[in-house]
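Asks: Provide a 3D model corresponding to the input given below.
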Amino acid sequence: MNELLRILRAVEQGELSVEAAARQLKTEPFADLGYAKVDHHRRLRQGAAEVVYGAGKTPEQILGICRDLYRDGNPVLVTRLDAEAAETVGRELPLDYRPLPRLGIVGTQPPHDTENLIIVATGGTSDIPVAEEAAVTAEFLGCPVTRLYDVGVSGLHRLLAQLDVLLQARAVVAVAGMEGALPSVIGGLVDCPVIAVPTSVGYGASFGGAAALLAMLNSCASGVSVVNIDNGFGAGYLAAMIGHIGE
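Replies: Numbers count the residues shown, from 1 in each chain. As a prediction, this is how the structure comes out:
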């Protein structure tokens, strides 16, 4: 539920005083740490707290941002978190580190708050790290996730064997490198949005994922949208937003 609506409904139902609600709404819209301005009102505006992008930050900077975000006990998601930074954060804060997608969750994984299913599918096994970034992100944001890995177009029967599962999805995240055909195939089978994620998996002429990106942008299937190369987080976040529409 949107955090602002939660506060207003708590006031309406007498569970929270007007004064307490006002304090929650006005307390530190952001915290200036010098190297970062931590957005404490993002949960109010968007329904989800700020997510920490770890790449390019020092372990100490990541720790400082996480410490500030976690001060009220709300869980924090950290993406592109390497093992060295994870060790630094984990020495001070309760960290669940996922090395494959390079993700960390500070605090307790939030429970599902919707029954709408998100499916994350990959063309091959090499795409799984990006797919896991999408899957864990969607789970962190409250959605149940089913993983269908290594169901690419080189063996189409593997995907068709999962058609009953695919048809239950509110959104599908299709992750693929090489020629990037998987989202088009899935887009022609399901009645929900498909979020295509090109990966940098492939040989020389894949140009680090650019070939898959262009193929996905030129998909002939309706209802397919595309995020950036290797951007599993962006796909998982968008899928979770779709999963919560109308809730």
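
Asks: by mean pLDDT, flag the weakest helix or strand of the chain.
Replies: Across the helices and strands of the chain, mean confidence by mean pLDDT, DSSP states H and E is lowest for strand 30-32: a mean of 61.

Asks: break this protein into its domains for me.
Replies: What automatic domain parsing lists as the domains of the chain is 28-106, 117-243.

Asks: now render those as a markdown table, adding mean neighbour count.
Replies: Yep, even glycine has a C-beta here, placed from its N, CA and C like the rest. Putting those into a markdown table (neighbours: other Cβ atoms under 10 Å) gives the following:
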| stretch | mean neighbour count |
| --- | --- |
| domain 28-106 | 17 |
| domain 117-243 | 21 |
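
Asks: ranking the ones you listed by mean pLDDT, which is last?
Replies: Lowest mean pLDDT within the domains of the chain: domain 28-106, a mean of 84.

Asks: now do that one: distance to the chain's middle.
Replies: 14 Å (Cα atoms, centre = their mean, to the nearest Å).

Asks: the longest strand in this protein is where?
Replies: Scanning the chain for the strand with the most residues, using DSSP state E, yields strand 169-176.

Asks: so after it, what's the next helix or strand?
Replies: The first helix or strand that comes after strand 169-176 along the chain, using DSSP states H and E, is helix 182-187.

Asks: not counting its own residues, what contacts that next one?
Replies: Under the contact criterion Cβ atoms under 8 Å, 6 or more residues apart in numbering, helix 182-187 has outside partners 121-123, 151-153, 156, 159, 166, 172, 174-176, 194-196, 215-216, 219-224, 226.

Asks: all strands for the chain, in order.
Replies: Using DSSP E, strands in the chain cover 30-32, 37-39, 52-53, 76-79, 95-98, 103-106, 117-122, 145-148, 169-176, 194-198, 224-226.

Asks: what packs against the third one?
Replies: Using 3 or more Cβ pairs under 8 Å, 6 or more residues apart in numbering; DSSP states H and E, the elements in contact with strand 52-53 are helix 59-69, strand 76-79.

Asks: strand partners (parallel or antiparallel) of that strand?
Replies: Within its sheet, strand 52-53 is paired with strand 76-79 (parallel), according to DSSP bridges.
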